[in-house]
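Enquirer: what shape does this take:
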Amino acid sequence: MQDEMNQLTRREHQVAALAAAGLQDKEIALRLGIALGTAKLHLHNIYAKLGVGSRVKLTVAWMRTNGKHE
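Expert: Predicted structure coming up:
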């Protein structure tokens with residue numbers, strides 16, 4: 001999974017971290033100062049690059065890769 005995480009852009013890392021922290025799409029967009037559609041597009045790209053199909057799976061992958069097992 002680390003290899004897949006390394007494929008994410010800097011912005012995708014930011015979006016993934018916020019999604020893994022429990023923020024919804026609209027909150028991510030507001031926090032990063034981007035349009036809601038842009039946030040959703042980033043999430044779509046993140047799911048594709050990581051091979052996950054849900055926010056829960058994204059969160060699990062993010063926590064494992066970043067050494068946070070809560």
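
Enquirer: counting contacts, what elements does whichever helix or strand residue 43 is part of pack onto?
Expert: With the criterion set as DSSP states H and E, the secondary-structure element containing residue 43 is helix 36-50. Using 3 or more CB pairs under 8 Å, 6 or more residues apart in numbering; DSSP states H and E as the contact test, the elements touching helix 36-50 are helix 2-6, helix 10-20, helix 25-32, helix 55-65. C-beta: built from backbone N, CA, C; applies to glycine.

Enquirer: so residue 22, which state does it fall into?
Expert: Going by DSSP: H, G, I helix; E, B strand; the rest coil, the secondary structure assigned to residue 22 is coil.

Enquirer: who touches the helix holding residue 43?
Expert: The list of residues contacting helix 36-50 from outside it, by CB atoms under 8 Å, 6 or more residues apart in numbering, reads 1, 4-5, 7-8, 11-12, 15-16, 19, 25-26, 28-29, 32, 34, 52-55, 58, 61.

Enquirer: mind redoing it with 10 Å?
Expert: Taking CB atoms under 10 Å, 6 or more residues apart in numbering as the criterion, the residues outside helix 36-50 that touch it are 1, 4-9, 11-16, 18-19, 23-32, 34-35, 52-55, 57-58, 61-62, 65.

Enquirer: now restrict these to buried residues only.
Expert: Among the contacts of helix 36-50, those classed as buried by 16 or more other CB atoms under 10 Å are 5, 8, 12-16, 18-19, 23, 25, 28-29, 32, 34, 52, 55, 58, 61-62, 65.

Enquirer: re earlier: buried residues, the helix holding residue 43. List them.
Expert: Those would be 38-39, 42-43, 45-47, 49-50, for helix 36-50 by 16+ other CB under 10 Å.

Enquirer: okay, those in TSV with pLDDT next?
Expert: Written out in TSV, the entries for the buried residues of helix 36-50 read as follows (pLDDT from 0 to 100):
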residue	pLDDT
38	97
39	98
42	97
43	97
45	96
46	96
47	96
49	94
50	93
